[in-house]
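Asker: give me a model of this one.
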Amino acid sequence: MTATLIAPDGTSHVVFGRRGATTATGKGAGSDLAGPYEFSDQATLDFWAAVGSPVPAGHYRTVEAGGAGATGAQTLMNPVFANRGGNGTWTLRFVDGWQGDTGTVSAASLTLTPVPFTSATPSTLGAIPDGPSNTCMTNGPPRIVEFPVSGKVGPVVSVAVSASLTHAFVGDVTATLVAPNGTTSHVLFGYTGATFQGSFGDDSDLSGIYTFLDASLGNWWTAAAAVSSVTPIPSGELPHARRSGIRRDRRIDLDEPGVRGHRAQRHMAPATDGRLQ
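Answerer: Just a heads-up that it's a prediction; the model follows:
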């Protein structure tokens with residue numbers, strides 16, 4: 001059996017399917033289902049590897065569909081449905097792929113959690129100051145983008161940062177998220193592509209809306225390396241590390257080290273928008 005969640009716009013994600021099948025014609029695991037079963041990205045149980053018949057009720061991660069070459073890899077729903085409207089009719093589709101065994105869907109529920117976000121203070125947006133010299137890793141003064149967060153009670157369990165950025169030579173820029181206490185911080189990206197002391201890093205440009213969150217399947221360095229010089233890194237979602245303890249304001253510091261002369265005239269660029277989720 002295969003279960004698939006389908007959004008109102010037709011975007012779909014396999015919840016599970018042909019569990020245990022590793023060949024094109026494999027029947028898969030012979031375990032029965034007798035839930036309830038809950039699926040979310042926050043779960044820790046592995047549905048493919050679950051032992052017993054029926055499969056024990058519990059909170060599971062979604063998994064890839066079985067078939068030729070399948071390994072039962074766990075998957076993520078949030079990146080698939082992120083930034084899509086939640087209004088409309090969602091569909092949970094079940095299909096039976098083998099004769100003889102039958103079953104019933106006796107109950108089902110769908111939980112959609114809208115992501116509240118805090119927009120950056122408009123007056124803190126603007127040009128990122130140029131580096132002071134041609135010396136690599138000598139930072140100029142930062143562009144500090146502030147997020148006035150309020151009303152948050154208790155520890156934060158997830159953070160996502162989005163920013164609309166334009167800048168030549170991504171290797172110049174370091175972006176750091178700083179918590180209200182001023183000491184807890186996390187680098188979103190910095191010296192992209194630099195692998196040794198003194199390296200200028202990747203020469204791709206920034207021109208897009210970039211979102212950093214743990215659930216992303218993207219890779220910042222890979223995205224930068226995939227495009228040529230003076231070509232923008234495509235907009236998209238990239239991973240960042242977990243943070244906690246947000247209570248008041250947060251900020252992003254954007255720093256630029258020393259520049260290379262042949263592209264210096266293109267380095268000044270604005271941070272035009274931003275939001276913190």
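Asker: distance-wise, check the closest residue in space to Pro132 that isn't next to it in sequence relative to Gly193.
Answerer: Nearest residue to Pro132, sequence neighbours excluded (CB to CB, 6 or more residues apart in numbering): Gly140, at 5.3 Å. All C-beta spots, glycine's among them, are computed from the backbone N, C-alpha and C. Distance, Gly140 to Gly193, by CB to CB, to the nearest Å: 19 Å.
Asker: neighbour count for those two, which is higher?
Answerer: With neighbours defined as other CB atoms under 10 Å, Gly140 and Gly193 compare such that Gly140 has more, 19 against 16.
Asker: thought the more buried one was touching Val173?
Answerer: No - assessed by CB atoms under 8 Å, Gly140 is found out of contact with Val173, at 10.4 Å.
Asker: center of this protein, which residue is that?
Answerer: Centroid-nearest residue in the chain, with CA atoms, centre = their mean: Ser216, separated by 2.5 Å.
Asker: leaving out sequence neighbours, find the closest residue to it.
Answerer: Counting by CB to CB, 6+ apart, the residue nearest Ser216 is Glu237, at 4.0 Å.
Asker: first-to-last residue distance for stretch 108-117?
Answerer: For stretch 108-117, the first-to-last residue distance is 29 Å (CA to CA, to the nearest Å).
Asker: also stretch 57-74?
Answerer: So stretch 57-74: terminal residues 18 Å apart, CA to CA.
Asker: one more: stretch 82-96?
Answerer: First-to-last residue span, stretch 82-96, CA to CA: 29 Å.
Asker: now the strands for the stretch 151-277 of the chain?
Answerer: For the stretch 151-277 of the chain, the strands defined by DSSP state E, counting those that start in this stretch cover 160-167, 174-178, 185-190, 205-213, 232-233, 236-238, 249-255, 270-276.
Asker: who wins for proximity to Thr2 among those strands?
Answerer: Nearest to Thr2 among these is strand 236-238 (26.5 Å), distances taken as CB to CB.
Asker: quick check: phi and psi at the residue lying closest to Ala215 once chain neighbours are set aside.
Answerer: Nearest residue to Ala215 in three dimensions, chain neighbours excluded: Asn78, at 4.9 Å (CB to CB, 6+ apart). Phi and psi for Asn78, reported as degrees, to the nearest 10, are phi -60, psi -50.
Asker: burial count for Asn78?
Answerer: Burial of Asn78 is recorded as 19 neighbouring residues (other CB under 10 Å).
Asker: could you dump the strands of the stretch 151-277 of the chain to JSON lines with mean pLDDT, mean neighbour count and distance to Val63?
Answerer: Putting these into JSON lines (pLDDT from 0 to 100; neighbours: other CB atoms under 10 Å; distance: least, CB to CB, whole Å) gives the following:
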{"stretch": "strand 160-167", "mean pLDDT": "90", "mean neighbour count": "21", "distance to Val63": "24"}
{"stretch": "strand 174-178", "mean pLDDT": "92", "mean neighbour count": "21", "distance to Val63": "32"}
{"stretch": "strand 185-190", "mean pLDDT": "91", "mean neighbour count": "17", "distance to Val63": "30"}
{"stretch": "strand 205-213", "mean pLDDT": "88", "mean neighbour count": "20", "distance to Val63": "21"}
{"stretch": "strand 232-233", "mean pLDDT": "92", "mean neighbour count": "20", "distance to Val63": "31"}
{"stretch": "strand 236-238", "mean pLDDT": "75", "mean neighbour count": "18", "distance to Val63": "21"}
{"stretch": "strand 249-255", "mean pLDDT": "55", "mean neighbour count": "21", "distance to Val63": "35"}
{"stretch": "strand 270-276", "mean pLDDT": "53", "mean neighbour count": "19", "distance to Val63": "32"}
